[in-house]
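Colleague: Structure, please.
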Amino acid sequence: MKNYQKLKGLVAATFTPMYPNGDIHYAVIGQYAQHIVDSGISGVFVCGTTGEFTSLTTEERKQILEHWVKAARGRFKVIAHVGSDNQRESVKLSRHAAETGAWGVGSIAPGFFKPASVRDLIGFFKPVAAAAPELPFYYYNMPSMTGVSLSVAQFLQEGKQEIPNLAGVKYTHNNLMEMGDCIHLDDGAFEVLHGYDEMLVCGLALGAVAGVGSTYNYSPSVYLNIMKAMEEGDLASARAFQMQSIEIVKVIIKYGGGVRGGKAIMNLIGIECGGCRLPIAPFEKEEYDSLRKDLKEIGFWGK
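Modeller: Numbers count the residues shown, from 1 in each chain. This is a model prediction of the structure:
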């Protein structure tokens, strides 16, 4: 990997802007990218869970990434999520990411036909990572969605022997014991990107220095303040900011979770991300009114 520097700070898991009919609204990505720059975010994770990757075609994912790389103009890092249950499609996306100019690639485990062992998972990822050999490769670990609960530490140790560009893991799981083990594995050889926004303090306390999350898109100051407070050893402030995050997450859960509720919040702050593709239901006008009220009650809009 050429001129590789480990990630630090916040990486926003981006939403995929869409028109009401579900077509991709590519033109919004330029405005979205400027919003990322203005927010102080270090990078973006494109076409992941938040980006509805399972509802997109391979060609759409390629075009979305191209727009993000072009809009970023080197001002922040662009990580392409290339995961798919279809290994060959994943390889195509990884190769395209390298050709397009992405900074890194990541891939979630296949969740329909699941790998039965760490060896199987390594075998699935090996050609995917090899398709972009000069880019850091991250395993996107999210057992709640994939049902794959293999040892991440074992994957990192054994995987590094066959995947030279294996940089670490996007750790979206609440097993903090395992997370801590991965952070300190081989004297900190691997990056562990914290994945649960509402638990960022926990990951930072264990030694993580970067996080990937969907709520960073519309609440970046809350998380930047958490990171600053933790760096300064101000645990009381970090806890207070984390509670603000928890209140925001409670609201989005009320409206169908991070993708559906989060997209609605993006629309409210002026980044027109539209709705989601089915089977995620459209957001109704009455829900927008209720969401706006709920956000006001928790101080989301400020005083």
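Colleague: Would you mind confirming that L176 makes contact with L200?
Modeller: No - using CB atoms under 8 Å, L176 is not in contact with L200, being 11.9 Å away. (Glycine included, C-beta is placed from N, CA and C.)
Colleague: which of these two has more neighbours?
Modeller: Shown here are L176 and L200; by other CB atoms under 10 Å, L200 has more neighbours (26 against 15).
Colleague: Would you double-check that the more buried one falls in a strand?
Modeller: No - secondary structure assignment (DSSP: H, G, I helix; E, B strand; the rest coil) places L200 in helix, not in a strand.
Colleague: Return the residues in contact with it.
Modeller: L200 makes contacts with H194, G211, G213, Y223, I226, M227, Q242, S245, as judged by CB atoms under 8 Å, 6 or more residues apart in numbering.
Colleague: so the fourth one is in which element?
Modeller: Mapping Y223 onto the secondary structure by DSSP states H and E places it in helix 220-231.
Colleague: Could you export that helix as PDB, CA atoms only?
Modeller: The C-alpha coordinates for helix 220-231 follow below in PDB (Å, rounded to 0.1, in the frame of the first residue of the first chain):
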ATOM      1  CA  PRO A 220     -20.900  15.700  13.500                       C
ATOM      2  CA  SER A 221     -20.300  18.300  16.300                       C
ATOM      3  CA  VAL A 222     -21.600  15.900  18.900                       C
ATOM      4  CA  TYR A 223     -19.100  13.200  17.900                       C
ATOM      5  CA  LEU A 224     -16.200  15.600  17.400                       C
ATOM      6  CA  ASN A 225     -16.800  16.900  20.900                       C
ATOM      7  CA  ILE A 226     -16.800  13.300  22.200                       C
ATOM      8  CA  MET A 227     -13.400  12.700  20.600                       C
ATOM      9  CA  LYS A 228     -12.000  16.000  21.800                       C
ATOM     10  CA  ALA A 229     -13.200  15.400  25.400                       C
ATOM     11  CA  MET A 230     -11.700  11.900  25.400                       C
ATOM     12  CA  GLU A 231      -8.400  13.200  24.100                       C
END
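Colleague: which residues make contact with it from outside it?
Modeller: By CB under 8 Å, 6+ apart, the list of residues contacting helix 220-231 reads 9-10, 12, 39-41, 197, 200-201, 204-205, 211, 213, 215-216, 235, 237-238, 241-242, 244-245, 248.
Colleague: same thing but at 10 Å, please
Modeller: 8-10, 12, 35-36, 38-41, 197, 200-201, 203-205, 208-211, 213, 215-216, 234-245, 247-248, 300 (CB atoms under 10 Å, 6 or more residues apart in numbering).
Colleague: got the buried residues for that helix?
Modeller: By 16 or more other CB atoms under 10 Å, the buried positions in helix 220-231 come out as P220, V222, Y223, L224, N225, I226, M227, A229, M230.
Colleague: now swap in stretch 175-191 and tell me
Modeller: Neighbour-count burial for stretch 175-191, counted by 16+ other CB under 10 Å, picks out E178, M179, G180, D181, C182, I183, L185, F190, E191.
Colleague: from these, which is closest to E99?
Modeller: E191 (23.7 Å; CB to CB).
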